[in-house]
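**Q** Based on what follows, work out the 3D shape:
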Amino acid sequence: MNTMLEARLSYGTKKGLWPARTYALAFLLALVMGGWSVPVASAHAYSVAFTRISYAKGQITMQYALDDLSVLEALPGVDANGDYYLDESEIQTGHDRIMQWISAHLQLTDNDRPIDLNSGQLVLNRELPDKNSFRFKDSMHYGDLLLPNAKLVTLTVTFPATGNMDQLQLHDTFHSVIPSEYANFINVLNNGQIQSTSALFQAPWTFTVKMNHAEGTSEVQQSGWLNFIWLGSQHILTGTDHLLFLLTLLALRMRIRDYVKIITSFTVAHSLTLALSVLHIVTLPSKFVESMIAASIMYVALENLFFQRNARNRWWLTFLFGLIHGLGFADLLVEMNLPNRQLVPALVGFNLGIELTQLTLLLIALPLLTLWHRSRAYGRTLPILSIITVCIAAFWLFQRLTA
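**A** The predicted model follows:
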C-alpha cells in the first residue's frame, strides 16, 4: 500500500518523488503565509519582572515591577472582589502581605549590607514605569501579555550610596513560588546612562554589579557566559517542537553516515541563523518562524510515511528547516536586546548550551533508536508514530496561525 501511495503522490513522473515533495513543501509554506496575517496572541504563560537599579546624586534606587496576575495567583485572597485584577484599594488592603512576600523572595545587599525593602513604596502601575527607556524589547510576550491586559505591582526603594564604589547583589527566588515560567530582566544605570542589561532565568538566580560612581561606570560581576550556557541548555530541553523535529528526522532507519550528515546540517544551519538573528542581520516575524517550525515537523513526519526512499538526501532538507529553527532559538536572546559588548559571549554561550544538550540527548536516543530499528515492531510502529506526529504538528500549526 505504501508503494501505491508513493506512486500516486509522484504525479506520474519517471524521475521519482521530487515533484510531490516540492508540491508538499509549497503547500505547507502557502498555509503558513496564508495564516500569517491572523492576529497573534501570546500562547505561553510567562511571568516577567522588570528591575531597574540606578545611581544618581549619591542615591541608589531599585525598582522592581511584577505583573499583577503573578501576585494574585501566589497570594490567594489579595484579589478581594475575585475579578482576577488588582486595583488600588486591594493593594492598600493587602499592602503588608504583598511587601512581606516580596521581601521573602527578593534580597538586595549593598557592599554586603542588607537593604530593607519594607521601607520602599508599593504602587500599582498600568504600564511599566519608564518603559520606553527600558532596554528590553519583547514584542510577543511583553506587548501581548503585560500591556494592556495586566497591571504591574511596583516596589521602589531608595537608599544612600556608601561611597565612590557600591557592589550591589540581587538574589531572586520568585521562580520557586510563581507557577508560570519566570524571568527577571534587569537594567543598570549610572548617572542616567544605561550601563548593562541582564536577565535571571535560572540558578543561581543572583545578579551582582559593581558601580563606580566617580567614573560613572558599572561592571557586572556575575558569570554571564556560564549562565547563557545554562540558558541555552534549558531552552532546548523545554523546546518540545525542536526535540520532536530531531526525533522525527532520525525515526527512519538509515546508515550512520546519513545520521551524521543530518545532525551536522541541522547544527550548521541553526547556528548560522541564530548568529545572524542575534546580530540583527536577519529578522523575521516570530509568528512566521514558529508556524514554519510546526510545518517542518509535519512535513518530515509525512515524508516518513510516503517518501522514505529519499531519506539519504534528507540532509539538505534538514539544512533548510534548520535555518528556520535557528531563528526560533534566537528569539530569547533577541528579546533581551543585549548591548553590543555582551552579544558575542552571550551568543557563544547560548549556542554552546544548545549544542551540548542536543548532543547529549542524541547520544542517549541513538542506541534506543537502533534497537527499535532492528526490532520486528519497527515496520508497524513507524506509520503509527508518524501519523501521531502529523496530528501534533498540525495542531501546533493551527494554534500558531490562529491563536
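**Q** Spell out the secondary structure type for residue 65.
**A** strand (DSSP: H, G, I helix; E, B strand; the rest coil).
**Q** do the same with residue 52
**A** Put simply, residue 52 is strand when judged by three-state DSSP.
**Q** For the stretch 251-400 of the chain, just list every one of the helices.
**A** 256-278, 286-306, 314-336, 340-374, 378-402 (DSSP state H, counting those that start in this stretch).
**Q** before we move on, what about the stretch 1-150 of the chain?
**A** So, for the stretch 1-150 of the chain - with DSSP H, counting those that start in this stretch - the helices run 2-9, 18-35, 68-74, 88-93, 95-105, 141.
**Q** Report the mean confidence score over the last one.
**A** In this case it means helix 141. The pLDDT scores in helix 141 average 37.
**Q** Ok, the longest one next?
**A** For helix 18-35, mean pLDDT is 50.
**Q** go on, the first one?
**A** This predicted structure assigns helix 2-9 an average pLDDT of 39.
**Q** same check, this time on the fourth one
**A** Per-residue pLDDT over helix 88-93 has a mean of 91.
**Q** what sits up against that helix?
**A** Contacts with helix 88-93, where a contact means Cβ atoms under 8 Å, 6 or more residues apart in numbering, come from 78-81, 98, 122-124, 153. The way it works is simple: take the backbone N, C-alpha and C, and place the C-beta from them, glycine included.
**Q** Among those, which one has the most neighbours?
**A** Neighbour count (other Cβ atoms under 10 Å) singles out residue 153 as the most crowded of the contacts of helix 88-93, with 25 neighbours.
**Q** and that one, what are its bridge partners?
**A** residue 66, residue 124 (DSSP bridges).
**Q** any chance of the helices of the stretch 251-400 of the chain in a markdown table, plus mean neighbour count?
**A** As requested, the helices of the stretch 251-400 of the chain are exported to a markdown table (neighbours: other Cβ atoms under 10 Å):
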| stretch | mean neighbour count |
| --- | --- |
| helix 256-278 | 19 |
| helix 286-306 | 23 |
| helix 314-336 | 21 |
| helix 340-374 | 15 |
| helix 378-402 | 16 |
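**Q** between those, which one is nearest to residue 192?
**A** With Cβ to Cβ as the measure, helix 340-374 is the member of the helices of the stretch 251-400 of the chain nearest residue 192 (19.3 Å).
**Q** Who are the packing partners of that closest one?
**A** Helices and strands touching helix 340-374, as assessed by 3 or more Cβ pairs under 8 Å, 6 or more residues apart in numbering; DSSP states H and E, comprise helix 224-237, helix 240-250, helix 256-278, helix 314-336.
**Q** so which of those gets nearest residue 209?
**A** Taking these one by one with Cβ to Cβ, helix 224-237 is closest: 11.1 Å.
**Q** gap between residue 306 and residue 207?
**A** Distance of residue 306 to residue 207, computed by Cβ to Cβ, to the nearest Å: 52 Å.
**Q** One more: residue 387?
**A** Here residue 387 is placed at a distance of 47 Å from residue 207 (Cβ to Cβ).
**Q** What of residue 119?
**A** Residue 119 sits 21 Å away from residue 207, going by Cβ to Cβ.
**Q** Between the two, which has more neighbouring residues?
**A** residue 207 (25 against 10).
**Q** contacting residues around the closest residue to the more buried one other than its chain neighbours?
**A** What sits nearest to residue 207 in space, not counting adjacent residues and going by Cβ to Cβ, 6 or more residues apart in numbering, is residue 170, at 4.6 Å. Taking Cβ under 8 Å, 6+ apart, we find residue 170 in contact with 51, 53, 62, 106-108, 186, 206-208.
**Q** run the last query once more with 10 Å
**A** For residue 170, the contacting residues are 51, 53, 62, 64, 106-109, 115, 184, 186, 198, 200, 205-209, 222, by Cβ atoms under 10 Å, 6 or more residues apart in numbering.
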